[in-house]
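>>> Here's my sequence, what's the structure:
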Amino acid sequence: MKKLWYNFFKIYIKTGLFFYTKKIKIVGKENIPKKGAVLFAVNHPNGLLDPLLVTTNTPRITHYLVRAAVFKKPLIKKLLATLNLMPIYRIRDGVQELSKNAEVFNDCYEILNKQSALMIFPEGSHDKRRTVRNLSKGFTRILFGAFEKYPELKVTVIPVGITYQNTGNFPCKVAIHYGSPILANQYYNPNELNKSIASIKEEVSKQLKELSVHIPADENYNSLLNKLNTNNVDFTEVNTINKSIKTGNIKSCKKDSNFAKPFYFLIVLNSIIPWVIWKILSKKIDETEFVDTFRAGLGISLFPIFYLLQALMIYKFYTLEFATIYLATTILLQLLYSKLSTTPTEEHLE
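Model prediction:
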């Protein structure tokens, strides 16, 4: 029953993300093992949208760790547990809470031992800057802890790079690159644990810098990012952009007119109540990395309910035919705008 619920929710979220994004580009999906224990090591630029995008675009049933603050309400905690989400505690959650991670890590060992898939964000936190940050050793603790408990266990690590074109805007483009499989066992030496940790972190970090757009976090970061934005580059062309960053040869791209803009005003007119709710809620979002999370969440939940209620009203006061035409038109408008709209230019950093 849990698997059926998980797959239903996965299809529902994937459908919602299809309408929320202009394009989701998937590269390297063939690198994902069909069987066996897998740990997805993913960069983390965009809040809860990152795990949703990876989860809905992998054939494996995935468990993943998210920050414990999301689990504060008992009802939400139960719902998230049915979708294979587990809390991870940090210093900001309180020093006394950190002890709970031992139980969480033990659950991760069991997941891997059952030949399942686990998703981890080794940077430790989200950050929209286009740079792969230093990796924490949390994911190595899980890997090596699992090997210590189950010496015969084999785990494949798949680095995953996510790159967005214009985070915080609707619609956005996304590129998900699955990297080359890493057999984690080859890096594990219990007699030289620190060296083992450093070696696998280095390999995962190296791949993440190739799988997502990586601008070194030095004194040239802002000027280079501004130059890329000024030239209107498509960041989802990851290999091309990374090559441009290394060579300094950045080609300018033509900025297209947004002929789909009229569709946006029609969508707002048709969605005025949930749109106003979004505008009110958006002012309360403190972290820019969560803008897409909340917008997509409302788009997947509140907006469809509102459309269905309007269709029911049309059916009640007119006919089923009119209600059906209304729903079909609404879906078509959303589809046309999300797929035909040009993504806006990002804000430049000064």
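
>>> So which residues of the protein form helices?
Using DSSP state H, the helices of the chain run over 2-20, 49-55, 74-82, 101-113, 138-149, 193-211, 221-230, 238-247, 261-270, 272-282, 291-300, 302-317, 320-340.

>>> So which bits of the lowest-mean-pLDDT helix or strand in the chain are buried?
Least confident element among the helices and strands of the chain, by mean pLDDT, DSSP states H and E: helix 74-82 (a mean of 72). For helix 74-82, the neighbour count (16 or more other Cβ atoms under 10 Å) marks residue 80 as buried. Where C-beta positions appear, they are placed from N, C-alpha and C, glycine not excepted.

>>> start at 18 instead
Will do, 18 is the new start, and the previous item becomes helix 91-99.

>>> what angle sits between that helix and helix 19-37?
Relative orientation of helix 91-99 versus helix 19-37 (axes from the mean of the first three to the mean of the last three Cα atoms, to 10 degrees): 100 degrees.

>>> name the helices or strands packed onto helix 91-99?
For helix 91-99, the packing partners by 3 or more Cβ pairs under 8 Å, 6 or more residues apart in numbering; DSSP states H and E come out as helix 19-37.

>>> which residues sit against the helix it packs on?
Residues from elsewhere that reach helix 19-37, judged by Cβ atoms under 8 Å, 6 or more residues apart in numbering: 41, 69-70, 72-74, 78, 99-101, 187-189, 312-313, 316-317, 351-352, 355.

>>> ok, of the residues you listed, which come out buried?
Applying 16+ other Cβ under 10 Å to those, the neighbour count classes 41, 69-70, 72-74, 100-101, 187-189, 312-313, 316-317, 351, 355 as buried.

>>> Counting neighbours, what do you get for residue 342?
A total of 14 residues lie near residue 342 under the criterion other Cβ atoms under 10 Å.

>>> Report the separation between it and residue 332.
Per Cβ to Cβ, to the nearest Å, residue 342 is found 11 Å from residue 332.

>>> Residue 280 too?
Separation of residue 280 from residue 332 (Cβ to Cβ) stands at 25 Å.

>>> More neighbours: which of those two?
residue 280 (19 against 16).

>>> show me where pLDDT drops low in the stretch 168-317 of the chain?
Within the stretch 168-317 of the chain, no range satisfies pLDDT under 70.

>>> Tell me which residues touch residue 105, please.
Shown in contact with residue 105 (Cβ under 8 Å, 6+ apart): 82-85, 118, 121, 155.

>>> Only the buried subset of these, as a ChimeraX command please.
In ChimeraX, this line selects whichever of those come out buried by 16+ other Cβ under 10 Å:
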select :82,83,84,85,118,155
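
>>> Among the contacts of residue 105, show me the least confident.
Ranked by pLDDT, those bottom out at residue 85 (65).

>>> residues touching residue 306, list them.
Here residue 306 is in contact with 62-64, 143-145, 184 (Cβ under 8 Å, 6+ apart).

>>> To clarify, my last question referred to residue 284.
Going by Cβ under 8 Å, 6+ apart, residue 284 touches 350-351, 354.

>>> Residue 226 contacts residue 147, doesn't it?
No. Residue 226 lies out of contact with residue 147 (Cβ atoms under 8 Å); the separation is 10.9 Å.

>>> Which one of the two is surrounded by more residues?
Using other Cβ under 10 Å, the more surrounded residue of residue 226 and residue 147 is residue 147, with 23 against 18.

>>> In this protein, which residue is most central in space?
residue 67 (0.9 Å; Cα atoms, centre = their mean).

>>> quick one: contacts for that one?
Counting by Cβ under 8 Å, 6+ apart, residue 67 touches 59-61, 138, 143, 179.

>>> Can I get the residues you listed in CSV including neighbour count and distance to residue 160?
Shown next, in CSV, are those (neighbours: other Cβ atoms under 10 Å; distance: Cβ to Cβ, whole Å):
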residue, neighbour count, distance to residue 160
59, 25, 15
60, 30, 18
61, 20, 18
138, 26, 14
143, 20, 22
179, 24, 21
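
>>> Counting neighbours, what do you get for residue 276?
Neighbours around residue 276, by other Cβ under 10 Å: 10.

>>> so who does it touch?
Contacts for residue 276 (Cβ under 8 Å, 6+ apart) come out as residue 357.
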